[in-house]
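Asks: 3D, please:
(2 chains)
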Amino acid sequence: MIAPGVFAQRPAGTVTATDIVDRIRGKVGVEWKPDTVDTFKAGDPTAAVTGIAITTMATMDVLKQAVAAGANMVITAEPTFFAKADNPNPPAGRGQAANAMPDAVLAAKKDFIAQNGLVVWRFSDHWRLRKPDPLAQGLTDAMGWTKYQVAGDATHFELPAVTLDALAGDLKKKLGIRGGMRVVGDPQSEIKKVGLLTGTTALAASLRTMPTVDAIVAGEVREWESVEYAHDTVAAGMKKGMILLGRVISEEPGMKLCATWLQGFVSEVPVNWIPTGDPYWRPV
Amino acid sequence: MAITAGDVLDRIQKHLGVAWTETTGRDTYKAGGPATEVKGIATTVMSTFDQVKRANAEGLNFILSHETTYWNDRDLVKDLADDPVYRIKSEYCAKNNIVIHRFHDNLHAMRPDFNFQALARITGWDKYETAPNSRRYTLPETTLGALAADVAKRLGTKALRIVGDPHAKVSKAQMGVGYGMPRAAGDVDVVMSGEAQETDGAVDNTEYILDAATLGVPKGQIILGHAVSEEPGMEDCTEWLRTFITEVPVKLVRAGEPFWPK
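Replies: Below is the predicted model:
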């Protein structure tokens, strides 16, 4: 939570949301590509920005916190309107009649955005392409692993020996995971070498990483792909493991880093990070 | 009397009740072939290496697996030739005369679909289905927290994940299995299935339900785990196979939950 009024303490500048995006494009160090998800999703891009809230996923809870803190521009790594297409007026979907009642959750979110003059912009494709990988960098820092990083490789680490179980417990605590963590492997296996796969990754990434490490720490992978590959790796007699953090959790520190980065070239308005939090819980 | 893997497949196709299809490349041999003599059949949700070894130890050399063997939907192995785990698993199968055949699309084409039927029965949802094969249930009103706890207990799953307010009152439920998660929007309170992408997909239930919770709209999503959601159905599949395969033992050899919660 950000205390109410944090944003309001400074006078609003005359910078618009489009100005902010133009600055980001100029600073990101990655060639700007057409047809990416990095576009405005809601609101008026020409609106004067009062404050910027950066988050992993622009949930209603995050939007409310942004408004309470006086920010009207929200930069999110993930969608706002419940699909990659991010369409605030989605066509009737599978299993829904074309004349279905307007959806209450979607309608309420759109109303909240409109009533509070919010501008939502997604920043994902280009941020992920930046070198060194800011999502890996942020997560590394949050896990306290910077000192264990293999020289010149943002995603490989040599840890002091630890059991898979203890490592999972440590990461759960450091990353504020509620109920989303899942682990493959013998809890007592000794882990030293670790590879990091942030976000959602395909089998190829696990095939590339697993042979060189004791454990993979990943955001999200498919169960019949990387999970069973890790499971079979263990069954083949290798003392290895895989820790799944959750996609949002794996990206949170990278978006915190994005806020810090933005503060370096946006001085007219406050820039703050609002965590989304672990979406999951499980019954005890 | 000796029976081959090809004979087993012929009989499955004959008793399926719908036209056999393998156009997607899913329901094909993943190890061995039709000429191999079958000593016993092990059904499973997933032919994991651990499962294959346990089946072999029981003398069951034909594995009928609902899901993949080599960690991708079409079981393509072209890029796996140098992978150490692929080499160990494939060499084990060859050395032990193991036959693996997938049974996915055709199982789901059957009515009833074993996987839906068994999951509904074990969760106790079956008696509340609104129409046969609708996979829609009007449950006695409960809370999302109580429902999730009940389902976890009945299935013996530990690593399930729930999205939504635990106190949300739910009754209208829609069930999926495997990677098929019903959408949470619309006239439904709670959706349940095996696996679902967290965000950035065609339908992002997770963000939708988080927002519903913030707005006080009662919605929930129960993510059981892919294998957990479909393993019960392979028990029903086993019973079915026994009605037309009597020469050799037919047994469910569970793959189990691949991960543990922390």
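
Asks: any residue of the host helix or strand of B:Ala149 up close to chain A?
Replies: Using DSSP states H and E, B:Ala149 sits in helix B:144-155. Yes - residues of helix B:144-155 contacting chain A under C-beta under 8 Å from any C-beta of the partner chain: B:Gly145, B:Ala148, B:Ala149, B:Ala152. C-beta here means a position set from N, CA and C on the backbone, and glycine is covered the same way.

Asks: The second one contacts B:Asp165, correct?
Replies: No - using C-beta atoms under 8 Å as the test, B:Ala148 is too far from B:Asp165 to be in contact (11.5 Å).

Asks: what's the burial count for A:Thr212?
Replies: Here the number of neighbours of A:Thr212 (other C-beta atoms under 10 Å in any protein chain shown) works out to 10.

Asks: From chain B, how far out is it?
Replies: To chain B, A:Thr212 is 11 Å away according to C-beta to the nearest C-beta, to the nearest Å.

Asks: For that residue, grab phi and psi.
Replies: When read as degrees, to the nearest 10, the backbone of A:Thr212 gives phi -100, psi 0.

Asks: before we move on, the earlier item: more neighbours, B:Ala148 and B:Asp165?
Replies: Between B:Ala148 and B:Asp165, counted using other C-beta under 10 Å, the more crowded position is B:Ala148 (27 against 22).

Asks: picking up where we left off before, could you single out the nearest of the residues of helix B:144-155 next to chain A to chain A?
Replies: Distance to chain A across those (C-beta to the nearest C-beta) is lowest for B:Ala149, with 4.0 Å.

Asks: Take the residues of helix B:144-155 next to chain A and lay them out in JSON lines including distance to A:Gly237.
Replies: Shown next, in JSON lines, are the residues of helix B:144-155 next to chain A (distance: C-beta to C-beta, whole Å):
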{"residue": "B:Gly145", "distance to A:Gly237": "41"}
{"residue": "B:Ala148", "distance to A:Gly237": "36"}
{"residue": "B:Ala149", "distance to A:Gly237": "37"}
{"residue": "B:Ala152", "distance to A:Gly237": "31"}
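
Asks: Top of the residues you listed by number of neighbours, please.
Replies: B:Ala148 leads the residues of helix B:144-155 next to chain A on contacts (other C-beta under 10 Å) with 27 neighbours.

Asks: and the residue lying closest to A:Arg182 once chain neighbours are set aside, how many neighbours?
Replies: Take A:Arg182 and drop its neighbours on the chain: the residue closest to it by C-beta to C-beta, 6 or more residues apart in numbering or on different chains is B:Phe259, 4.1 Å away. Neighbour count for B:Phe259, taken as other C-beta under 10 Å: 22.

Asks: doesn't B:Thr157 make contact with B:Phe259?
Replies: No - at 10.5 Å, B:Phe259 does not count as touching B:Thr157 under the criterion of C-beta under 8 Å.

Asks: Quick one: residues contacting the most centrally placed residue in chain A.
Replies: What sits nearest the mean C-alpha location of chain A, by C-alpha atoms, centre = their mean, is A:Glu251, with 2.9 Å. Applying C-beta atoms under 8 Å, 6 or more residues apart in numbering or on different chains to A:Glu251 gives the contacts A:Thr56, A:Ala77, A:Glu78, A:Leu135, A:Thr198, A:Gly199, A:Gly219.

Asks: can you list the domains in chain B?
Replies: B:5-110, B:114-227 (automatic domain parsing).

Asks: Could you look over those domains and pick the most buried one?
Replies: Per residue and on average, the most neighbours among the domains of chain B fall to domain B:114-227, with a mean of 21 (mean count of other C-beta atoms under 10 Å in any protein chain shown).

Asks: From the chain's centroid, how far away is that domain?
Replies: Domain B:114-227 sits 16 Å away from the centroid of its parent chain (C-alpha atoms, centre = their mean, to the nearest Å).

Asks: ok, now stretch A:172-186?
Replies: The answer for stretch A:172-186 is 16 Å, by C-alpha atoms, centre = their mean.

Asks: circling back to that earlier point, shared neighbours, B:Ala148 and B:Asp165?
Replies: B:Gly220.

Asks: So, low pLDDT: which residues of the chain?
Replies: Defaulting to chain A. The model of chain A has pLDDT under 70 over residues A:1-13, A:91-101.

Asks: You answered for a different chain; I wanted chain B.
Replies: B:1.

Asks: Show me the residue at the heart of it, geometrically.
Replies: Geometric middle of chain B (C-alpha atoms, centre = their mean) lands on B:Glu230, at 2.5 Å.

Asks: How many residues are close by the closest residue to B:Asn72 other than its chain neighbours?
Replies: Among residues not flanking B:Asn72 along the chain, A:Leu203 sits closest, at 5.7 Å (C-beta to C-beta, 6+ apart). The number of residues packed near A:Leu203 is 20, by other C-beta under 10 Å.

Asks: who's in contact with A:Leu203?
Replies: A:Leu203 makes contact with A:Val221, A:Arg222, A:Glu225, A:Ser226, A:Tyr229, B:Trp71, B:Asn72, according to C-beta under 8 Å, 6+ apart.

Asks: Give me the subset of those residues lying in helices.
Replies: Among those, DSSP state H puts A:Tyr229 in helices.

Asks: A:Ile177 is in contact with A:Gly246, isn't it?
Replies: Yes - in this structure, A:Ile177 is within contact of A:Gly246 by C-beta under 8 Å, at 7.0 Å.

Asks: Distance of the residue nearest to the centre of chain B relative to A:Leu196?
Replies: 30 Å (C-beta to C-beta, to the nearest Å).

Asks: so what's A:Leu164 up against?
Replies: A:Val183, A:Gly185, A:Asp186, A:Pro187, A:Gln188, A:Ser189, A:Ile191, A:Ala215, A:Gly241, A:Ile243.

Asks: Closest to B:Phe49 out of the residues you listed?
Replies: Using C-beta to C-beta, A:Gly185 is the member of the contacts of A:Leu164 that lies nearest B:Phe49, at 13.5 Å.

Asks: ok, the closest one to A:Ala235 distance?
Replies: 10 Å.

Asks: ok, these two, which is more surrounded?
Replies: Neighbours per residue, other C-beta under 10 Å: of A:Gly185 and A:Ala235, the larger number sits with A:Gly185, 26 against 20.

Asks: Leaving out chain neighbours, which residue sits closest to B:Ala55?
Replies: Nearest residue to B:Ala55, sequence neighbours excluded (C-beta to C-beta, 6+ apart): B:Ala42, at 3.6 Å.

Asks: How about the contacts made by the one you found?
Replies: Applying C-beta under 8 Å, 6+ apart to B:Ala42 gives the contacts B:Gln51, B:Ala55, B:Glu58, B:Leu60, B:Phe62, B:Ile63, B:Leu64, B:Lys251, B:Leu252, B:Val253.

Asks: Who is A:Ile75 paired with across the strands?
Replies: A:Ile75 forms beta bridges with A:Ile54, A:Trp121, as assigned by DSSP bridges.

Asks: Number of residues surrounding it?
Replies: With other C-beta under 10 Å as criterion, A:Ile75 counts 28.

Asks: who touches it in this structure?
Replies: A:Ile52, A:Ala53, A:Ile54, A:Thr55, A:Trp121, A:Arg122, A:Phe123, A:Cys258, A:Leu262.

Asks: If we use 6 Å, what do you get?
Replies: The neighbours of A:Ile75, taking C-beta atoms under 6 Å, 6 or more residues apart in numbering or on different chains as the test, are A:Ile54, A:Trp121, A:Phe123.

Asks: What segments of the stretch 101-250 of chain A are helices?
Replies: A:104-115, A:125-129, A:134-143, A:164-174, A:203-209, A:228-235, A:247-263 (DSSP state H, counting those that start in this stretch).
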